[in-house]
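J.: no sequence on this one, just coordinates:
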């Protein structure tokens, strides 16, 4: 039995680890396009901020750790074609040599590629010009070299999602003057604008210049450096900088699978079932290249590292003949931006509407712990629930670092997993001590606010 | 419609608030034995440590806040007898004047009293002698006065539960030399000893002298101060100090209800159903005086402030004619001891065995966030699950302050609420960012350790 996994990031490595954990007699080969298997791509911003050094420490596991699990790694090896009928994977090594690997079961974790979202100039300009993306260790080294050799004083970050915000912090800490451009009305568009505003304020406080409602159309060089042009509120927009970082999301990297006959669905990602089966015989896929089963939305595209880990684990088990199922995403996410933490899980109103709910929301501000104990800080919590059924649909939280906001969102995520109503949150037996909580936790106070605002507090029938 | 609630602590006030919230037309009177309604008894240790001042700030709500909700407060008024047939509550005011209050529905929240657990001398010696309990604002003022006027240099704390540990910290911070006596083999006996040991070590690091396996039999005065005597490991034990604080738990304060005909059950507490009905017509009860419906154990006695809030809320709704039900406790608790946080939810093995499970446990040590990001700290997590069904039964966590341990226990509590298996914890979509978590959260890593240790990792059937 020989399982071949393609991809050295979360999905491929998780699949390989799970297969080896379940059956230490199975042969597992992981084909990795670069020399950096199992690196924490989410950690890259902290390398640039100087909080993580050396870069090698970004590896979740070292090469030796991985090989100690009994898996075989084929580094610097690009998977070029799947011969589905012949059960062979064609590969090309760095020196151009081509060969093929026979497999019994194949797990494809080729992930995603940085999106350029129609911005002109990105094909022509690259790292040597100061135009960067940030999706791999190769991108990391290129940006690192540029920072060292060219000593840029200013940066434009195109995009204000998770990576964009983390890099705004990192480059600011490093001493660059950072301008952050966002197409929508507020940063962190995965949150409602009233909570995104809190993150915006935090960027302001730390000297990041945030410019919203700005569509970037082109990146170009002029005599002095780089120029980003586009439009803002109907007017032309242009801004120069020494460095431009484009972090406007990703698109699934599907070519290997689609050319073998796989179908694509939501977001152009490869369609898989809940067992991570592609429909091609003996070919599984997991991670940022495939559609995401969402517990509330059904099939969507929502690439996240946590999801890739879970899907990879399912694929690894099923490649051995199992019948594991990916239980589904809730889109739970958290980001730290300077001293603020912003988190969400589940749906916002516009998403809930698409699947037939009648969502209503309310925002509460609740202290992380009893106000009388020193250091209490407010957490802004926005709850979305279904007006008709009272079902919890989603929660968004923004609080200072140290307010346990990141793990408070997990309580909502666990409640959502079980389809609880907003009202039922008050039944949960959550922990309390004055330095760390309240008798009704902030999570529950926000739920009670929702009930009051949406007419769910009424005299019982006698 | 006149609802009378007895007790100014969590249960009574919650009941009154809920009734007024649901029906602002209802008359609500709260009969309070002292002058301090709605004070946070859990916050008292932080008054002694100097972190909270003045004492008035320990009030969850001020007198004016409470009256603004429309409830009427009768302070310094002791409820002496319930005339069930006549729907009247007899009371005695501070000046000895007796009267009665007519009610339509009565909610009794008389709580608990400090236990003396058979220690001799506690009836004879009191605050003026330096022998203290800590259960009310009156106790607080008495201890405060003693500390101010007598300037004790040393204290013996009898008991090492939540309040005992918090007071060991408070008195140490205040400059006293503290000796903590514990009957069992380890402090914080609500945790397994291997985790209790971590709390013990934290006490050691801060100069608290902890003496375990010590049974206290008597507190007495001698010429120089107070002497605590008993035995330890079969030998006589005695130790002197300027101050003795006895915090060895509570017993339900049931006399008012039992003399009216109510039954008692687990722990000698008053029996109530899940709607907080005592069985006496139009008489409800909630809080530390009644049995606790536990989702895993059934009827038990487990007095906690969080539970009193929930039960009071149910009683307030049902007094209006509703049919709310207390969903049940899981015994979720957390305590901060110096820079350590210890939490638990659900059952330990000996408890699970009593209700027919076949519990097995494992302890994992998982970082609170990715090790490469600065400040990562280990959390010790002990999971108990049922060997046969794989069902999660309980979790115990000890981690440094700042590791979000208090809200990580809430994820387990929410999972327990829904009867999840240990294995299913890995399906939860929990939040991740390198400064605050891991792709598999510590909560899930501990669950995976349990599965590996207890033979739940196996090759799928082909």
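T.: Good, I have the coordinates. From a predicted model like this one, the values you see are computed outputs, not experimental measurements.
J.: Show me where the stretch 151-300 of chain A has its strands.
T.: A:154-158, A:177-181, A:209-211, A:214-221, A:226-232, A:235-241, A:243-246, A:250-252, A:283-285, A:292-294, A:298-300 (DSSP state E, counting those that start in this stretch).
J.: And those strands: which comes nearest residue A:107?
T.: Nearest to residue A:107, of all the strands of the stretch 151-300 of chain A, is strand A:283-285, at 4.6 Å by C-beta to C-beta. All C-beta spots, glycine's among them, are computed from the backbone N, C-alpha and C.
J.: do that closest one and chain B meet at all?
T.: No. Strand A:283-285 stays clear of chain B (C-beta under 8 Å from any C-beta of the partner chain), getting no nearer than 13.4 Å.
J.: Determine how far that strand lies from the middle of the whole chain.
T.: 21 Å (C-alpha atoms, centre = their mean, to the nearest Å).
J.: Need the residues that contact it.
T.: Applying C-beta atoms under 8 Å, 6 or more residues apart in numbering or on different chains, the external contacts of strand A:283-285 come out as A:11, A:15, A:82, A:84, A:105-109, A:257, A:260, A:262, A:270, A:272, A:275-278, A:315, A:318-319.
J.: residue of the stretch 351-462 of chain A with the smallest distance to chain B?
T.: residue A:460 (2.8 Å; C-beta to the nearest C-beta).
J.: Domain parsing of chain A, as residue ranges.
T.: Domain assignment for chain A, taken from automatic domain parsing, gives A:2-111+A:250-319, A:127-246, A:339-453.
J.: Pretty sure the residue of the stretch 351-462 of chain A closest to chain B sits against residue B:316.
T.: No. Using C-beta atoms under 8 Å, residue A:460 is not in contact with residue B:316; the gap is 10.3 Å.
J.: Spell out which residues are contacts of both of those two.
T.: Residues touching both residue A:460 and residue B:316 (C-beta under 8 Å, 6+ apart) are residue B:22.
J.: ok, now which ones touch the residue of the stretch 351-462 of chain A closest to chain B?
T.: Residue A:460 sits next to B:22, B:317-318, B:320-324 when contact means C-beta under 8 Å, 6+ apart.
J.: how about a cut-off of 10 Å?
T.: B:22-23, B:317-324 (C-beta atoms under 10 Å, 6 or more residues apart in numbering or on different chains).
J.: And for residue A:42?
T.: Counting by C-beta under 10 Å, 6+ apart, residue A:42 touches A:10, A:58, A:162-163, A:166, A:304-306, A:335, B:370, B:373, B:432-435, B:439.
J.: Ranking by neighbours, what's the top pick from those?
T.: residue A:10 (30 neighbours; other C-beta atoms under 10 Å in any protein chain shown).
J.: residue contacts, it?
T.: Counted by C-beta under 10 Å, 6+ apart, residue A:10 has contacts A:38-42, A:60, A:109, A:111, A:286-288, A:304-313, B:439.
J.: Could you do residue A:399 as well?
T.: A:198, A:340-343, A:365-368, A:377-381, A:405-406, A:408-409, A:442.
J.: Now do the host helix or strand of it: distance to the chain's middle.
T.: Taking DSSP states H and E as the criterion, residue A:399 maps to strand A:392-400. On the basis of C-alpha atoms, centre = their mean, strand A:392-400 sits 17 Å off its chain's mean C-alpha point.
J.: List the neighbouring strands of it plus their orientation.
T.: Here strand A:392-400 has these sheet partners by DSSP bridges: strand A:340-346 (antiparallel), strand A:378-386 (antiparallel).
J.: Kindly reformat those strands as JSON lines and extend each row with distance to residue A:183 and mean neighbour count.
T.: Output for the strands paired with strand A:392-400, formatted as JSON lines (distance: least, C-beta to C-beta, whole Å; neighbours: other C-beta atoms under 10 Å in any protein chain shown):
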{"stretch": "strand A:340-346", "distance to residue A:183": "18", "mean neighbour count": "27"}
{"stretch": "strand A:378-386", "distance to residue A:183": "22", "mean neighbour count": "24"}
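J.: Mean pLDDT for the ones you listed - can I get that in TSV?
T.: Output for the strands paired with strand A:392-400, formatted as TSV (pLDDT from 0 to 100):
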stretch	mean pLDDT
strand A:340-346	98
strand A:378-386	98
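J.: Without its sequence neighbours, what residue ends up closest to the residue of the stretch 201-350 of chain A found nearest chain B?
T.: Closest approach of the stretch 201-350 of chain A to chain B (C-beta to the nearest C-beta) occurs at residue A:322, with a separation of 2.8 Å. With C-beta to C-beta, 6 or more residues apart in numbering or on different chains as the measure, residue B:460 is the residue that lies nearest to residue A:322, at 2.8 Å, once sequence neighbours are left out.
J.: And for residue A:172?
T.: In this structure, residue A:172 finds its nearest non-sequential neighbour in residue A:178, 5.1 Å apart by C-beta to C-beta, 6+ apart.
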